[in-house]
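Peer 1: fold the stuff below for me.
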Amino acid sequence: MQRWIDLDGVVNMRDVGGLPTRDGGVVHPGRLIRSDNLQDLSPGAVRHLVDDLGVTDIVDLRSHKELHATGDGPLRATTLRHHHHSFIREQAPGVDVPGFLAADPVGEPRPKDANFWSQHYRGYLSERPDSVSGALSVVATATGATVVHCAAGKDRTGTVVGLALAVAGVPDEEIIADYVLSGERIQRIIDRLIDRDPYRESLRDKPVDEQIPLSSSMEALLGMLAADYGGAAGWLLAHGWTADQVAALRAKLLA
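Peer 2: Next up is the predicted model:
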């Protein structure tokens, strides 16, 4: 199926519907949509999301700094439910750095290799488990489709979507293939962000290759979940979810 959703104002939006599960099932289209920043959607794109795709909930994984810098997007004027779950441990609103552009723990910029990104993804789970859990709870309980997004739609969004798909029983290789798909549009993603605060200083004069999602990054995250928790469902159970809640997330995603 055609998974890309090409709308005015986004470049990395797609439906994860159609992905197969290990037991012969399939992820239902129109349940979980992943995207880059939604600030630039045209009126026609907004209508398509609400009226045609049946979106009812928006999960915004950006930080307070990003929200403050970019302001309210056009979807704020709709009746859609908005849920903010920052993945950045912020000392105070407006003083953080977006996770997918951050420096390493000692504060020095470093090459963005697979290990760098996988450590970031693990950091989201260890530093902001409340936000990861909260984002997935929205997906499980939304009455219609949920759009999960950050700025680029690849790292923070990829972490949430990866866990959701793992709970649904999608094989690791399919989750990884979905994750790396953002690489097809990486230049367009960067072009959207490079001249905007708070991204311009972090992206300017940096090689595009640093931002390309690598299969080994998601493979490492899924491997950690399997080794430490028995999988994504085990991670949720270890962070306060009940077996019924995990089952509800799986049921919501499956046809």
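
Peer 1: pretty sure Lys65 is touching Pro198, no?
Peer 2: Yes: Lys65 lies in contact with Pro198 (CB atoms under 8 Å); the separation is 5.6 Å. To be clear about C-beta, it is placed using only N, CA and C from the backbone, and glycine gets the same treatment.

Peer 1: mind saving the C-alpha coords of stretch 135-144 as PDB?
Peer 2: The C-alpha trace of stretch 135-144 is given here as PDB (Å, rounded to 0.1, in the frame of the first residue of the first chain):
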ATOM      1  CA  ALA A 135       2.600   8.900  24.000                       C
ATOM      2  CA  LEU A 136       1.800   5.200  23.600                       C
ATOM      3  CA  SER A 137      -1.200   5.500  25.900                       C
ATOM      4  CA  VAL A 138      -2.700   8.100  23.600                       C
ATOM      5  CA  VAL A 139      -2.200   5.800  20.600                       C
ATOM      6  CA  ALA A 140      -4.000   3.000  22.600                       C
ATOM      7  CA  THR A 141      -7.000   5.100  23.700                       C
ATOM      8  CA  ALA A 142      -7.600   7.500  20.800                       C
ATOM      9  CA  THR A 143     -11.000   7.200  19.200                       C
ATOM     10  CA  GLY A 144      -9.500   7.700  15.700                       C
END
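
Peer 1: the chain should start at 26 in everything you say after this.
Peer 2: With 26 as the first residue, the last one maps to stretch 160-169.

Peer 1: which positions within that stretch qualify as buried?
Peer 2: Neighbour counts over stretch 160-169 (16 or more other CB atoms under 10 Å) mark Ala160, Leu161, Ser162, Val163, Val164, Ala165, Ala167 as buried.

Peer 1: filter those residues down to the ones in helices?
Peer 2: Using DSSP state H, the subset of those located in helices is Ala160, Leu161, Ser162, Val163, Val164, Ala165.
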